[in-house]
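Asks: sequence plus the predicted model coming up.
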Amino acid sequence: MTDTSLRSSVLATVDRFCHEHVRPAVPDMELTAEFPENLYRKAGELGLFRMDIPEELGGIGEDRVLPLLAAERIARTSPAFAVTFANCADVLTPIIAKATPALSSSIVPDVAAGIRVPCISMSEPLAGSDVSAMRTRAVRVKGGYRINGRKMWCTNGSVGDVFVVFAKTDPDAGSRGISAFLIENGAPGFERGRDEPLTGLRGNPTSELVLEDVFVPDSHRLGEENEGFRIAMLTLDSARLNAAGMALGAARAALEIARSYALERQQFGKPVFHHQGLQFLIAELAAEIEMCRTVWFKGLDAMGRGAARETSAIASIAKLLCTEMAVRVTTECVQVMGASGLSKENPAERLMRDSRTFQIFDGTPQIQRLLIARHLVRDGLMTF
Ligand SMILES: Cc1cc2nc3c(=O)[nH]c(=O)nc-3n(C[C@H](O)[C@H](O)[C@H](O)COP(=O)(O)OP(=O)(O)OC[C@H]3O[C@@H](n4cnc5c(N)ncnc54)[C@H](O)[C@@H]3O)c2cc1C
């Protein structure tokens, strides 16, 4: 993206939206864990889902970097709503790239306007990190496929309207036997199941999906048959940079709260910030955030230049470093505030819980290490 004034103006709108709408919605999300439908619609009205959608599909045609920057900012106020926001772009990537023009234009403009909630579903009870172990099966029938299976941990699944669902079309071919399909809520046999009672991200449901003999016409297959794994990979690099950015946002917000608290709170006759033992800890947390931010920006830069292999390698490194950092920083920020840090009324406590989840979706730290090692074998040291 070259239009920096447009970028600044969109991000200023995001900041205003966070201040005026997200912040007031957080207590209710924490209390009820319900999806904030009004907040979602408001984000749609403000055009926040349009950023990287092509103009002919109702977007403003910016690159993928802008929504990543926006998600980092939203996470400073609510990681849960940031995940909802980020998930939209992650789901639309395969739809825009691989759906037929007719299917795209029947789905994408409504998502861009915040009218329909999109979801993506790969994981299953027996297939988490190992996507190729999925059991959901799509069998060819006249005019399309019949799909049977059970999916797990689908972000916004219980409130979703359109779903990119992955299923095996050639069960003996491992990851090369997976295809991607677009299923709309209401399709006979398709059921949005219960929400998992996970720690963190309250207000961002993570749900089960049940598919019983769901008919999906050929027109709703994304890309070629058995191209599903490659399609999943299309979205994973930006999804990993998204998770890294949201982790940075949460860590920064927690540090801001802890810093202010430590400058106010007096013990032994002075603000606790000025006790060197605590001051050095806070300084190290700030340094860690800045170091991780540099790696993240390197990933955004690679993505903005369209350098695919470089983006992929840095996305894994950023996901690993930023999410591990966020867990450490938010936990230490709670420590800085003593008992007050543990209060449910203290946003740092929520940020600590939310940060834990960033380490799980879009590839755990163990899986990121594995991917980084693969890049090292294939491309050597990353001296991009
Ligand atoms: C909040 C949230 C939102 C999610 N949203 C979605 C979504 O929208 N769509 C979707 O499809 N999925 C989603 N998921 C699921 C997520 O992608 C999986 O949880 C993730 O891939 C890990 O799978 P798992 O939980 O089954 O863990 P497992 O794969 O069972 O792993 C268990 C442990 O083993 C480790 N491990 C696994 N394999 C290896 C290995 N080869 N080497 C070393 N260690 C290994 C893991 O790192 C982990 O510590 C979401 C999960 C969460 C928590």
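Replies: That came through, no problem. Residues are numbered from 1 along each chain as shown.
Asks: what separation is there between the residue lying farthest from the centre of the chain and the ligand?
Replies: The C-alpha centroid of the chain is most remote from residue 269, which lies 44.2 Å away (CA atoms, centre = their mean). Computed as CB to the nearest ligand atom, to the nearest Å, the residue 269 to the ligand distance reads 44 Å. The way it works is simple: take the backbone N, C-alpha and C, and place the C-beta from them, glycine included.
Asks: going forward, begin numbering at 332 instead of 1
Replies: With 332 as the first residue, the last one maps to residue 600.
Asks: roughly how far apart are that residue and residue 606?
Replies: Relative to residue 606, residue 600 is positioned 10 Å away (CB to CB, to the nearest Å).
Asks: burial count for the residue of the chain found nearest the ligand?
Replies: Closest approach between the chain and the ligand, counting by CB to the nearest ligand atom: residue 459, at 1.8 Å. Residue crowding around residue 459 was assessed by other CB atoms under 10 Å; the count is 17.
Asks: check contacts around it.
Replies: Residues in contact with residue 459, defined by CB atoms under 8 Å, 6 or more residues apart in numbering, are 483-484.
Asks: same thing with residue 389?
Replies: 381, 439-440, 443-444.
Asks: would you list the buried entries among those?
Replies: Buried subset of those (neighbour count, 16 or more other CB atoms under 10 Å): 381, 439-440, 443.
Asks: isn't there a strand covering residue 447?
Replies: No: looking at residue 447 with DSSP: H, G, I helix; E, B strand; the rest coil, it is coil, so not inside a strand.
Asks: for the nearest residue to it once chain neighbours are set aside, list the residues it contacts.
Replies: Spatially, and ignoring its direct neighbours in sequence, residue 447 is nearest to residue 492 (3.9 Å; CB to CB, 6 or more residues apart in numbering). Applying CB under 8 Å, 6+ apart to residue 492 gives the contacts 441, 447-449, 515-516.
Asks: who in the stretch 532-681 of the chain is up against the ligand?
Replies: Proximity of the stretch 532-681 of the chain to the ligand, by CB under 6 Å from any ligand atom, involves residues 532, 537.
Asks: please enumerate the helices of the stretch 532-681 of the chain.
Replies: In the stretch 532-681 of the chain, the helices defined using DSSP state H, counting those that start in this stretch lie at 559-595, 607-636, 639-667, 669-673, 678-689.
Asks: counting contacts, what elements does the fourth one pack onto?
Replies: Secondary-structure packing of helix 669-673 (3 or more CB pairs under 8 Å, 6 or more residues apart in numbering; DSSP states H and E): helix 559-595, helix 639-667, helix 678-689.
Asks: touching that helix from outside, list them.
Replies: Applying CB under 8 Å, 6+ apart, the external contacts of helix 669-673 come out as 589, 592, 596, 664-666, 677, 679-680.
Asks: let's see which of the buried ones among the contacts of residue 389 end up in helices.
Replies: Counted as lying in helices by DSSP state H, out of the buried ones among the contacts of residue 389, are 439-440, 443.
Asks: low-confidence stretches in the stretch 432-581 of the chain?
Replies: By pLDDT under 70, the stretch 432-581 of the chain has no low-scoring segment.
Asks: count the residues that sit near the closest residue to residue 431 other than its chain neighbours.
Replies: The spatial neighbour of residue 431 that comes closest, neighbours along the chain excluded (CB to CB, 6+ apart), is residue 550 at 6.1 Å. Residue 550 has 12 neighbours, counted by other CB under 10 Å.
Asks: what's near enough to touch residue 550?
Replies: 431, 433-434, 475 are the contacts of residue 550 under CB under 8 Å, 6+ apart.
Asks: how much space between residue 630 and residue 500?
Replies: Applying CB to CB, the value for residue 630 to residue 500 is 32 Å.
Asks: ok, the two, which is more surrounded?
Replies: Neighbour count, other CB under 10 Å: between residue 630 and residue 500, residue 630 has more, with 28 against 23.
Asks: can you give me the domain assignment for the chain?
Replies: Domain ranges of the chain: 335-448, 450-557, 560-710, per automatic domain parsing.
Asks: am I right that residue 524 sits in a strand?
Replies: Yes: secondary structure of residue 524 (three-state DSSP): part of a strand.
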